[in-house]
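Engineer: Got a predicted structure here, sequence first:
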Amino acid sequence: MTARTLAVIAAGLSQPSSTRLLADRLTEATLRALDGVDVDVTVVELRDVAQDVTNNLLTGFPSPKLDTAIQAVTSADGLIAVTPIFTTSYSGLFKSFVDVLDPQSLTGMPVLLGATGGTERHSLAIDYAMRPLFTYLHANPVPTGVYAASSDWGTEAGLTDRIERAASELAALVRASERSQSIRDPFALPEGFSPVGGFGAQ
Amino acid sequence: MQFGIFTVSDVTTDPTDDTTPTEGERIKALVTIARKAEEVGLDVFALGEHHNPPFVSSSPTTMLGYIAAQTTELILSTSTTLITTNDPVKIAEDYAMLQHLADGRVDVMMGRGNTGPVYPWFGKDIRDGIPLALENYALLHRLWREEFVDWQGQYRTPLQGFQSTPRPLDGVPPFVWHGSIRSPEIAEQAAFYGDGFFANNIFWPKEHYMRLVSYYRQRFEHYGHGTAAQAIVGLGGQAFMRTKSQDAVAEFRPYFDNAPVYGHGPSMEDFTAQTPLTVGSPQEVIDKYAGMREHFGDYQRQLFLMDHAGLPLKTVLEQLDILGEEVVPVLRKEFAANRPADVPDGPTHAALVAQSERVEAAETATTVTA
């Protein structure tokens, strides 16, 4: 079987962060579920490119460092996206990173949604905030999202079950994905294009 | 190879002394800058078109007509003319009139504009930006070449037996550039008509523009206008210079840090490393821009943005002195060296008239033979 690529976004702000911890757990579980497949994993800690993301918002183009991260994420066969929940939603840095992506670039992308927070009362943020975002981008988020509150790290069983279930859902999609093999023509003209105007002018 | 300047006509507060020119002062400053461009030996002055503050250039042909009367050699161009929200009939008339008054020293760069509300202000929809540009230009192209035009399209009222006046000078329309920063459709249209393609080449890394220019060159050849190397390419650029590099860096930094487009974002060091902006000695500017032909192929026109971000008029005029006296003469030599003989020079009215006479003579000869 050809190799697959897996990108991981961790939007935690502290180092080490529980967001990265969850991202790593999800990654390990996904790799286990992809047993026998050669998987190339790229982890993007958004903290490392935070200034680059802001600069991209202001100038409209990514720095070489951010561009490398964007290419790794958008060309992957699967994406694990994990953000802390701040003030009822994904963090500003997480959204800013998504905002600098080409809106077409995550089309068809299998995504595992993960989030962390201080209290389990924010667990639905995955489904009311993250999921619509990726649906809008025509990505393909798996049914199980994994939310880890601080307390979950002390009650291992439930979190582990959710991680395993979500990872197996993502792994099935990654296995079937051909995204990393596909080549996109940046100069493709829209169907019906005419250089003299497309509406029967003349 | 033609060298010149292009301006967006922004009225911006000078961050070093917190002063802001009035619209009137900025308008007169633009005229002074254009005259200076001619005085220091530059070939082209190109003016943007905007319909919202802080920009003053809403009426480019008015200003270019005024400048035409005060200059004798300078080619007057635009950067850009809004082919989306202007009526192509009015563009045909305005620029043909300007072409007569300026004795042919006129060409035009088509652009879509990047300010969303301008579209509804002129009764258009920004989502139609590309189809508007394509259809409007196709009409403009005919209005300048056919005496009487019958036409029907999607975006303006139909025309029956319409003749735009005045007819282009010597029967040769102004040369047209198509400016685009990301749309293959616009590069495709430029190639289809054998027109020029302009990549503004500022604000973003040059690699981005190289891909688009390369695409345009291939399509130019595809449509049979010549080889890819003969396609007509223009590039923008941006520089700030002082004799000593560190003086340029120190003086320009507050303008960079507060500039409307990239201010408060990346450091000037990062931005100059990643984009064609060059802040330093005249030699550094020469080195950076002499290298452009390696990236884009031999090209026809290089325009520099010199007067934005609140730079005072006095400073801009000093910059033009340096550009005209120290930088461009060297670049002219560099670009002339090893330039293939079959790569066209920058477009002029005289060259287009000569070309049109050659075509007519060839057609006459064919008719006689037949």
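Structural biologist: Here it is on my side, so go on. Residues are numbered from 1 along each chain as shown, chains lettered A, B, ... in the order given.
Engineer: so how far is stretch A:11-25 off the chain centroid?
Structural biologist: Distance of stretch A:11-25 from the chain centroid (C-alpha atoms, centre = their mean, to the nearest Å) equals 14 Å.
Engineer: now stretch A:155-166
Structural biologist: Remark: stretch A:155-166 is offset 20 Å from the chain centroid, using C-alpha atoms, centre = their mean.
Engineer: do the same with stretch A:183-198
Structural biologist: On C-alpha atoms, centre = their mean, the centre of stretch A:183-198 falls 29 Å from the chain's centre.
Engineer: and it, which residues are buried?
Structural biologist: Across stretch A:183-198, burial judged by 16 or more other C-beta atoms under 10 Å in any protein chain shown covers A:F187, A:F193, A:S194, A:P195, A:V196, A:G197, A:G198. C-beta coordinates here come from the backbone N, C-alpha and C atoms, glycine included.
Engineer: Name the residues that touch it?
Structural biologist: With contact meaning C-beta atoms under 8 Å, 6 or more residues apart in numbering or on different chains, stretch A:183-198 is reached by A:202, B:131, B:134-136, B:138-139, B:153-154, B:184-185, B:187-189, B:191-193, B:211, B:215.
Engineer: Looks to me like B:A229 is in a strand.
Structural biologist: No - under DSSP: H, G, I helix; E, B strand; the rest coil, B:A229 falls outside any strand and is assigned helix.
Engineer: what residues are up against it?
Structural biologist: B:R217, B:G297, B:D298, B:P340, B:D342, B:V343.
Engineer: ok, now with 10 Å
Structural biologist: Listed by C-beta atoms under 10 Å, 6 or more residues apart in numbering or on different chains, the contact set of B:A229 reads B:R217, B:F220, B:E221, B:G297, B:D298, B:Y299, B:P340, B:D342, B:V343, B:P344.
Engineer: Show me what the residue minimising distance to the centre of chain A is bridged to.
Structural biologist: In chain A, the centroid-proximal residue (C-alpha atoms, centre = their mean) is A:A81; its distance is 3.8 Å. The bridge-partner assignment for A:A81, based on DSSP bridges, gives A:I9, A:L113.
Engineer: Can you say which of the contacts of stretch A:183-198 are buried?
Structural biologist: Going by neighbour count (16+ other C-beta under 10 Å), the contacts of stretch A:183-198 have B:131, B:134-136, B:138-139, B:153, B:184-185, B:187-189, B:191-193, B:211, B:215 buried.
Engineer: Where do the strands of the chain begin and end?
Structural biologist: Going with chain A. A:4-10, A:39-45, A:78-86, A:89-90, A:110-117, A:140-141, A:146-149 (DSSP state E).
Engineer: not quite, I wanted chain B
Structural biologist: With DSSP E as the criterion, chain B has strands spanning B:2-7, B:44-47, B:75-78, B:81-82, B:107-111, B:149-151, B:159-162, B:175-179, B:196-199, B:233-235, B:239-241, B:278-280, B:301-304.
Engineer: Which strands and helices lie in contact with the longest one?
Structural biologist: If you count contacts as 3 or more C-beta pairs under 10 Å, 6 or more residues apart in numbering or on different chains; DSSP states H and E, strand B:2-7 packs onto helix B:23-39, strand B:44-47, strand B:75-78, strand B:233-235, strand B:301-304, helix B:313-322, helix B:328-336.
Engineer: Turn these into a markdown table, including mean neighbour count, distance to A:L58 and mean pLDDT.
Structural biologist: Compiled in a markdown table, the helices and strands packed on strand B:2-7 are given as follows (neighbours: other C-beta atoms under 10 Å in any protein chain shown; distance: least, C-beta to C-beta, whole Å; pLDDT from 0 to 100):
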| stretch | mean neighbour count | distance to A:L58 | mean pLDDT |
| --- | --- | --- | --- |
| helix B:23-39 | 18 | 25 | 98 |
| strand B:44-47 | 27 | 26 | 98 |
| strand B:75-78 | 27 | 27 | 98 |
| strand B:233-235 | 28 | 23 | 98 |
| strand B:301-304 | 27 | 23 | 98 |
| helix B:313-322 | 18 | 25 | 98 |
| helix B:328-336 | 16 | 31 | 97 |
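Engineer: With that, I have no additional questions.
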